[in-house]
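1. What would the 3D arrangement of this be:
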Amino acid sequence: MVRIFLIVVLVHIFSLLNGQDIQFSQYYNLPQLMNPSLVGTSYAFRGMAHARLQWPTLQARYTTFLASADYNWSKYNSGIGISFLNDAQGPSYITTNSIAAQYAYWVNITKDISLRSGIQLAQTWRSIEVNKFTFPNQFDGNGFNSAISPGFDGNTLNTSFFSIASGLVLYTKEFWVGAAGYNLNRPNQTFLGEKDLLPMKFNFVAGYRIILKKIPTMRYLEDEDEIYWTLTPTVHFKTQGTSQQLDLGIYSIYKFLLTGLWY
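-> Residues are numbered from 1 along each chain as shown. Coordinates of the predicted model:
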């Protein structure tokens, strides 16, 4: 049953939907994955690591890891970054590995309004261990027959492709709105030399920071004279192929504590 389920997942992902990009629920902790123009938005060097475990006790599990690093190159109004992603479906029968490099540049339109633009170049490798699956042509009148070849050369299918993404973010100290497009070159993700173009993905994000309270601090202990207690409602919409998703949320930051609710 597990093998049959994995076949359904395989066909569903690589045939019916023509493939979709991997996503995380806490997308605001992954600025480089949400919009390449957000790379370098920290004040110095920033490193991140994330893990997503779905159905971890089942064979039909999904395990995803992402590590990223970026740097605010303020001398040149720029940000640079790099990220690594590993995704395994089942007991690593279907795997995806990718590496991406990002660059962002910002300009000050007015004293209070700035615009950031960014680009991402990524290379992705995918593999399927076909010898771990059963295929329809391997069933005869008496059921599954392991002596029948599934019709593939070798035990593993491999493919790789190159993709391009870019984005824009317009922002002030309180408000921001941005959009990004991924797979702009429509890479061919096929395993069998056919045509299977990865659909473009588009992200739209906006938020507004409401200052609830300014908290005075002692200058020699803090970099600023005041820190803030803020409330920030946000919206995030993305679409890829036939899939669409809307995220609504609000979070509060008090000194170093962040809490929020999302739907």
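2. now the helices for the stretch 1-150 of the chain?
-> Using DSSP state H, counting those that start in this stretch, the helices of the stretch 1-150 of the chain run over residues 2-11, 31-34.
3. helices or strands next to the last one in the packing?
-> This points to helix 31-34. strand 62-73, strand 78-89 (3 or more Cβ pairs under 8 Å, 6 or more residues apart in numbering; DSSP states H and E). (C-beta placed from N, C-alpha, C; glycine too.)
4. got the contact list for the residue nearest the centre of the chain?
-> In the chain, the residue lying closest to the centroid (Cα atoms, centre = their mean) is residue 33, at 4.1 Å. Going by Cβ atoms under 8 Å, 6 or more residues apart in numbering, residue 33 touches 24, 27, 66, 68, 83.
5. Setting the sequence-adjacent residues aside, check what's closest to the fourth one.
-> Put plainly, it is residue 68. residue 83 (3.8 Å; Cβ to Cβ, 6 or more residues apart in numbering).
6. Confirm for me that the one you found is in contact with residue 50.
-> No - with contact defined as Cβ atoms under 8 Å, residue 83 does not count as touching residue 50 (10.1 Å).
7. shared neighbours, these two?
-> Residues touching both residue 83 and residue 50 (Cβ under 8 Å, 6+ apart): 66-67.
8. So for the two, which residue has more residues nearby?
-> residue 83 (22 against 15; other Cβ atoms under 10 Å).
9. and that one, what is it in contact with?
-> 32-33, 66-69, 99-100, 102.
10. any low-confidence regions in the chain?
-> 1-20, 215-227 (pLDDT under 70).
11. circling back: quick one: the helices and strands packed on helix 31-34 as TSV, columns for distance to residue 39 too.
-> Shown next, in TSV, are the helices and strands packed on helix 31-34 (distance: least, Cβ to Cβ, whole Å):
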stretch	distance to residue 39
strand 62-73	5
strand 78-89	4
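12. Residue 119: which of these is closest?
-> Nearest to residue 119 among the helices and strands packed on helix 31-34 is strand 78-89; the distance by Cβ to Cβ comes to 11.0 Å.
13. Quick check: buried residues in that closest one?
-> Under the neighbour-count criterion of 16 or more other Cβ atoms under 10 Å, strand 78-89 has 78-81, 83, 85-89 buried.
14. Pipe those residues into CSV and attach distance to residue 236 per row.
-> Shown next, in CSV, are the buried residues of strand 78-89 (distance: Cβ to Cβ, whole Å):
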residue, distance to residue 236
78, 25
79, 21
80, 24
81, 20
83, 19
85, 20
86, 24
87, 21
88, 26
89, 25
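15. right, and out of those, which lies closest to residue 193?
-> residue 89 (22.3 Å).
16. if I look at the residue nearest to residue 112 when sequence neighbours are not counted, how far off is residue 87?
-> Distance criterion Cβ to Cβ, 6+ apart; nearest residue to residue 112, sequence neighbours excluded, is residue 172 at 5.2 Å. Residue 172 sits 36 Å away from residue 87, going by Cβ to Cβ, to the nearest Å.
17. And the strands in the stretch 151-263 of the chain, which stretches?
-> Along the stretch 151-263 of the chain, counting by DSSP state E, counting those that start in this stretch, strands occupy 156-171, 175-182, 201-208, 210-216, 226-240, 243-254, 257-262.
18. CA-only coordinates of the fourth one in PDB, if you can.
-> Pointing back at strand 210-216 there. This file holds the C-alpha atoms of strand 210-216, laid out as PDB (Å, rounded to 0.1, in the frame of the first residue of the first chain):
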ATOM      1  CA  ILE A 210       1.600  50.000  13.800                       C
ATOM      2  CA  ILE A 211       3.700  51.500  16.700                       C
ATOM      3  CA  LEU A 212       1.800  50.800  19.900                       C
ATOM      4  CA  LYS A 213       4.300  52.300  22.300                       C
ATOM      5  CA  LYS A 214       7.800  53.800  22.300                       C
ATOM      6  CA  ILE A 215       9.900  52.600  25.100                       C
ATOM      7  CA  PRO A 216      12.800  54.900  26.300                       C
END
